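Asks: sequence and computational prediction follow.
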Amino acid sequence: MITSQTVRQESDQPRRCFVVGPIGDPHAAHDSPEREAYEHHLGIFEQVIAPACEKYGITAVRADGIAHAGDINEQICRHVVESDLVVADVSGGNPNVMYELGLRHITGKPTIHIGEAGQLPFDIASIRTIRYQRTRSHLAGARKEIEGALEVGLRDGFELLTPARVLRGLQTGEGPASGSEVGDGGTEEDEDPPGLLDDFAVIEDGLDEMTADMEAITKTIETIGVLTEQSGAEMLDLTQANAPMSARLAAVARYAETISAPAGELNSAAAAFAERMATLDSGVRAALGLIEMTPTDERGDGAEEFLEQLMSLDEAAQDGLAQIGSLGTSAGAMVRVSRHLRKPVKEISSGVKQLTSAITRMGEWAAKARALAHNATG
């Protein structure tokens, strides 16, 4: 629900809250999805977020409430990075919201997640989120939860959660760095925080592990493919020999047994791959955001190598995606052949689903990396 380093209630109490979330279109036709989204999220802001912040003397503002003239994208980035507090409505996993949330996570500053029940994106499911429903009583309850979160955070400190831990090289499960309280002078660690290249190094280790996962997945898919071809050849021979149905069923049972282990390995490897993706997603997007905000002549070799790594990993994943799609189609057909195939096919289908979703998200990383690399050389 909350991410950040400890914040004291005294002189450094948060005074500015930037609200990240879908905006919608106030000028869209009545009853259109865009107009409905605008009215809904404006209601969440006015009835839930703003009153909760106001109780603690915090001024909340949305992107459409920024009064100063200038480049709106730059202004949003600055509000995301510099505001004392951010409340992010992650309903529906809006790409702009997730990008801004990733940028916020890299700062380690207080962040509260809220979201409509049933509309939460999978990649931040591990982060506690205040959930609401579109009823008066539920909205009132969500406001009370935000107030409670602020009260606890201001009194005891806001905890640093997974995305910021990853970027700082901390292991999941550790508490916030001791003595890291704002306004307390901090510790020696606070005076020497990790730089951009240090953050890249941590993320790159995770990307290296994803590369290893992808290689293991590719080999497993190839193994299943070979076994499937062998079984297909055996079935063809039995059909041409007009073998009895019992013989064909026995062949299917043997095939199911041979692919059982690699099917399980595929599902496990796919789950590990997807889990790394979910853990790294906010950090990678935040790092890409920082690269975008850094002048090209100040990035250094580490940033360019990071972009290259994202593009290379995506190319390898896209090569495997064609195999994965073919395997998923074959699995759908196999399950109708015999009950013996149901368990391995279920494993294969689960692995294919997880991989397809993760590789699609990886493609978004690579697209941003290619654009940044192109701008640097253009």
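Replies: All right, it came through fine.

Asks: can you give me the helices for this structure?
Replies: Ranges of helices in the chain, per DSSP state H, are 33-44, 50-54, 72-82, 95-105, 136-156, 162-167, 188-191, 196-240, 245-293, 301-334, 342-377.

Asks: tell me the average confidence for the fourth one?
Replies: pLDDT averaged over helix 95-105 equals 80, rounded to a whole number.

Asks: for the fifth one, same thing?
Replies: Helix 136-156 comes out with an average pLDDT of 87.

Asks: show me what it is packed against.
Replies: Packing partners of helix 136-156 (3 or more Cβ pairs under 8 Å, 6 or more residues apart in numbering; DSSP states H and E): helix 50-54, strand 111-116, strand 130-132. To be clear about C-beta, it is placed using only N, CA and C from the backbone, and glycine gets the same treatment.

Asks: for it, C-alpha coordinates in CSV please.
Replies: Extracted C-alpha coordinates of helix 136-156, given in CSV (Å, rounded to 0.1, in the frame of the first residue of the first chain):
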residue,chain,number,x,y,z
ARG,A,136,-20.7,5.5,-1.5
SER,A,137,-19.9,3.2,1.4
HIS,A,138,-16.8,1.6,-0.3
LEU,A,139,-15.4,5.0,-1.3
ALA,A,140,-15.8,6.3,2.2
GLY,A,141,-14.0,3.2,3.4
ALA,A,142,-11.2,3.8,0.9
ARG,A,143,-10.8,7.3,2.2
LYS,A,144,-10.5,6.1,5.7
GLU,A,145,-7.9,3.6,4.6
ILE,A,146,-5.8,6.3,3.0
GLU,A,147,-6.1,8.4,6.1
GLY,A,148,-5.0,5.4,8.2
ALA,A,149,-2.0,4.8,5.9
LEU,A,150,-1.0,8.4,6.2
GLU,A,151,-1.3,8.3,10.0
VAL,A,152,0.8,5.2,10.3
GLY,A,153,3.4,6.4,7.7
LEU,A,154,3.8,9.8,9.3
ARG,A,155,4.1,8.3,12.8
ASP,A,156,6.2,5.2,12.1
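
Asks: now the angle between strand 111-116 and that helix, please.
Replies: Orientation check (axes from the mean of the first three to the mean of the last three Cα atoms, to 10 degrees): helix 136-156 against strand 111-116 gives 170 degrees.

Asks: helix 136-156 versus helix 33-44: what angle between them?
Replies: With the same axes, to 10 degrees as the basis, helix 136-156 and helix 33-44 are set at 50 degrees to each other.

Asks: next, the buried residues of helix 136-156.
Replies: Going by neighbour count (16 or more other Cβ atoms under 10 Å), the buried part of helix 136-156 is 139, 141-143, 145-147, 149-150, 153-154.

Asks: would you convert the helices and strands packed on helix 136-156 into JSON lines that also reports mean neighbour count?
Replies: Below are the helices and strands packed on helix 136-156 laid out as JSON lines (neighbours: other Cβ atoms under 10 Å):
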{"stretch": "helix 50-54", "mean neighbour count": "20"}
{"stretch": "strand 111-116", "mean neighbour count": "24"}
{"stretch": "strand 130-132", "mean neighbour count": "22"}
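
Asks: what's the closest of the ones you listed to E275?
Replies: Smallest distance to E275 across the helices and strands packed on helix 136-156 (Cβ to Cβ): 19.1 Å, for strand 111-116.

Asks: quick one: mean pLDDT over the closest one.
Replies: Average pLDDT, strand 111-116: 89.

Asks: run through who's touching it.
Replies: For strand 111-116, the surrounding residues in contact (Cβ atoms under 8 Å, 6 or more residues apart in numbering) are 1-4, 44, 48-49, 85-92, 101, 104-105, 124, 127-134, 142, 146, 149-150.
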